[in-house]
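Asker: curious how this folds, go ahead:
(chains A and B)
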Amino acid sequence: MKLLFTIDQYVIAESLEEAYELNQSRRNVILGGIMWLKMGKKRIGKAIDLSALDLHKIEEDEDCFYIGAMCTLRDLEVHPGLKKYFNGIIEKSVESIVGVQFRNGATVGGTVFSRFGFSDVLTVLLALDTYVELYKGGIVSLSDFMDMPRDNDILVKIIIKKDNRKAAYVNQRKSATDLPILACAVSNVGNTWNIVLGSRPAKAQLISLRLSESLNEEQINEIINVVEDKIVLGSNDRGSKEYRSILADVFIRRNIEEILLGGNHED
Amino acid sequence: MKIKLWINEKEFTDDVSPDIALLEWLRSKGFYSIKRGCETSNCGLCTVLLDGKPVLSCSTLAIRANGKYVTTLEGVEKDALEIGGFMADEGSEQCGFCSPGFIMNVIAMKNELTNPTEEEIKKYLVGNLCRCTGYVGQLRAIKNYLKSTKEV
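Answerer: Predicted coordinates:
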């Protein structure tokens, strides 16, 4: 039995420029891990493989992590530097995605560029000071990228700034390896609190509020009320809007409490 | 498109269609240990090692194995028999359809993790579904197997 999608020609791009030029045709597709692509019946003219372009690395300097688009979700999970930062929420965001074998195939670029509505990874990256580097579009913040229409640019890398923010993440699933019913990440840097709800079931959405570093019960309730007003939750076969609303209340509160109790950027 | 790769240390060359899955191509070469399960990247039945890392061969294009080393159950027969023995002792093989993929992932885990805890074992093997055993027997078997490898 063959895969549902078909490929006429397979091209291992020798440069980003070549990949970009090829990607301007609607029949051509940049390949990530193909985990989601393989579920569809697309007829692909040229499949564009970026694996020869040295995009498999996670690098870090004093200020940032630089994650190549062809890094796998497993690379994110086991990277010693990423494990130490942001209360380990990057590892937490991927560890429930199917299994190790799946995460050895799925790529960061495929996940982020596709802006999947069920993504744990995007939920967490939005809570951090994250940027995407596009080949033609340059460096844009992830929150702006989330609102941009899908185009034929190429995602080259993800950049996460090490800004000492505290962070926490929780999600709810019907079974261990299923897609999440709701994912919630919260981060705090200075007086700014960032709340992200993902798998709403739509693409993750960020709300930033300026309050104080230490929150009282009244301020936590205020955050929950603002999020309830501004982030629209919906229903699907995994959970109703009402159920997601109850989960969101609990998850935001739980994440804030974890941060206030010391969820920190580095052990 | 021409590919050259090594399966269980033996070199293979072929001209493959760009949209054939590694699962299909390996089975066409006679590696029938690799089972076709869900084909939606969820069950782990088709697990093989690609350059030592466990991957889902149903979701990996054969062309992407070009220049790499593939390990299937046929290439780790001694380890597979040993692990299978521990599974049989715990009654955790039952229909056996998931066993090849499961054993490949156990081998990958053993290579990657040193002295894994029960929680780490569960997390590593969660992508291998089994409809017969309820997993408890498998967990006992794996713990016994890992213990035996330390005793040698």
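Asker: helices along the stretch 101-250 of chain A, start to end?
Answerer: Using DSSP state H, counting those that start in this stretch, the helices of the stretch 101-250 of chain A run over A:108-114, A:120-127, A:142-147, A:217-230, A:241-260.
Asker: closest to chain B out of those helices?
Answerer: helix A:108-114 (11.8 Å; C-beta to the nearest C-beta). (C-beta placed from N, C-alpha, C; glycine too.)
Asker: just checking, what packs against that closest one?
Answerer: Counting contacts by 3 or more C-beta pairs under 8 Å, 6 or more residues apart in numbering or on different chains; DSSP states H and E, helix A:108-114 is packed against strand A:29-31, strand A:64-68, helix A:73-78, helix A:120-127, strand A:155-161.
Asker: dump the ones you listed to JSON lines, plus mean neighbour count, mean pLDDT and distance to chain B.
Answerer: Shown next, in JSON lines, are those (neighbours: other C-beta atoms under 10 Å in any protein chain shown; pLDDT from 0 to 100; distance: least, C-beta to the nearest C-beta, whole Å):
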{"stretch": "strand A:29-31", "mean neighbour count": "21", "mean pLDDT": "96", "distance to chain B": "8"}
{"stretch": "strand A:64-68", "mean neighbour count": "21", "mean pLDDT": "98", "distance to chain B": "17"}
{"stretch": "helix A:73-78", "mean neighbour count": "21", "mean pLDDT": "97", "distance to chain B": "8"}
{"stretch": "helix A:120-127", "mean neighbour count": "27", "mean pLDDT": "97", "distance to chain B": "15"}
{"stretch": "strand A:155-161", "mean neighbour count": "22", "mean pLDDT": "98", "distance to chain B": "19"}
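Asker: let me have the ones you listed in a markdown table, extended by distance to A:Ser141.
Answerer: A markdown table is the format used below for the helices and strands packed on helix A:108-114 (distance: least, C-beta to C-beta, whole Å):
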| stretch | distance to A:Ser141 |
| --- | --- |
| strand A:29-31 | 22 |
| strand A:64-68 | 13 |
| helix A:73-78 | 19 |
| helix A:120-127 | 10 |
| strand A:155-161 | 10 |
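Asker: of all these, which one is nearest B:Gly84?
Answerer: Nearest to B:Gly84, of all the helices and strands packed on helix A:108-114, is helix A:73-78, at 26.4 Å by C-beta to C-beta.
Asker: now the following helix or strand past that closest one: buried residues?
Answerer: Later in the chain than helix A:73-78, the nearest helix or strand by DSSP states H and E is helix A:80-84. Neighbour-count burial for helix A:80-84, counted by 16 or more other C-beta atoms under 10 Å in any protein chain shown, picks out A:Leu82.
Asker: how about helix A:80-84, does it reach chain B?
Answerer: No: Helix A:80-84 lies out of reach of chain B by C-beta under 8 Å from any C-beta of the partner chain, never closer than 14.1 Å.
Asker: for the longest helix seen in chain B, the averaged confidence score.
Answerer: Scanning chain B for the longest helix, with DSSP state H as the assignment, gives helix B:136-151. Averaged across helix B:136-151, pLDDT comes to 92.
Asker: ok, residues contacting it?
Answerer: B:82-83, B:86-87, B:89-92, B:102, B:106, B:110, B:115-116, B:118, B:121-122, B:125, B:130 (C-beta atoms under 8 Å, 6 or more residues apart in numbering or on different chains).
Asker: can you give me phi and psi for the residue in the stretch 51-200 of chain A positioned nearest to chain B?
Answerer: Closest approach between the stretch 51-200 of chain A and chain B, counting by C-beta to the nearest C-beta: A:Gly99, at 1.3 Å. Note on A:Gly99: its backbone torsions stand at phi -150, psi 180 [degrees, to the nearest 10].
Asker: in contact with the spatially closest residue to it that is not a sequence neighbour, which residues?
Answerer: Spatial nearest neighbour of A:Gly99, excluding adjacent residues (C-beta to C-beta, 6 or more residues apart in numbering or on different chains): B:Gly127 at 1.3 Å. Listed by C-beta under 8 Å, 6+ apart, the contact set of B:Gly127 reads A:98-102, A:177, B:42, B:44, B:105.
Asker: for chain B, which residue gets nearest to chain A?
Answerer: For chain B, C-beta to the nearest C-beta, closest residue to chain A: B:Gly127, 1.3 Å.
Asker: that residue should be in a strand, yeah?
Answerer: No: counting by DSSP: H, G, I helix; E, B strand; the rest coil, one finds B:Gly127 to be coil, located in no strand.
Asker: just how off-centre is stretch A:69-77 within its chain?
Answerer: In terms of C-alpha atoms, centre = their mean, to the nearest Å, the centre of stretch A:69-77 is found 12 Å from the chain centre.
Asker: an error on my part: the question was meant for stretch A:3-16.
Answerer: The answer for stretch A:3-16 is 25 Å, by C-alpha atoms, centre = their mean.
Asker: swap in stretch B:48-66?
Answerer: So, by C-alpha atoms, centre = their mean, the centroid of stretch B:48-66 is 11 Å from its chain's centroid.
Asker: buried sites along it?
Answerer: Quick answer for stretch B:48-66 (16+ other C-beta under 10 Å): B:48-50, B:53-66.
Asker: what subset of those is also close to chain A?
Answerer: Among these, proximity to chain A is found for B:50, B:53-56, B:59-61, B:63-64 (C-beta under 8 Å from any C-beta).
Asker: from these, pick the one nearest A:Gln205.
Answerer: Distances from A:Gln205 to those, taken by C-beta to C-beta, are shortest for B:Ser59, at 29.2 Å.
Asker: contact partners for the closest one?
Answerer: B:Ser59 touches A:33-35, A:38, A:102, A:105, B:21, B:41, counting by C-beta under 8 Å, 6+ apart.
Asker: at 7 Å what do you get?
Answerer: The contact partners of B:Ser59, by C-beta atoms under 7 Å, 6 or more residues apart in numbering or on different chains, come to A:34-35, A:38, A:105, B:41.
Asker: where along chain B do the helices fall?
Answerer: B:22-28, B:77-89, B:99-112, B:118-125, B:136-151.
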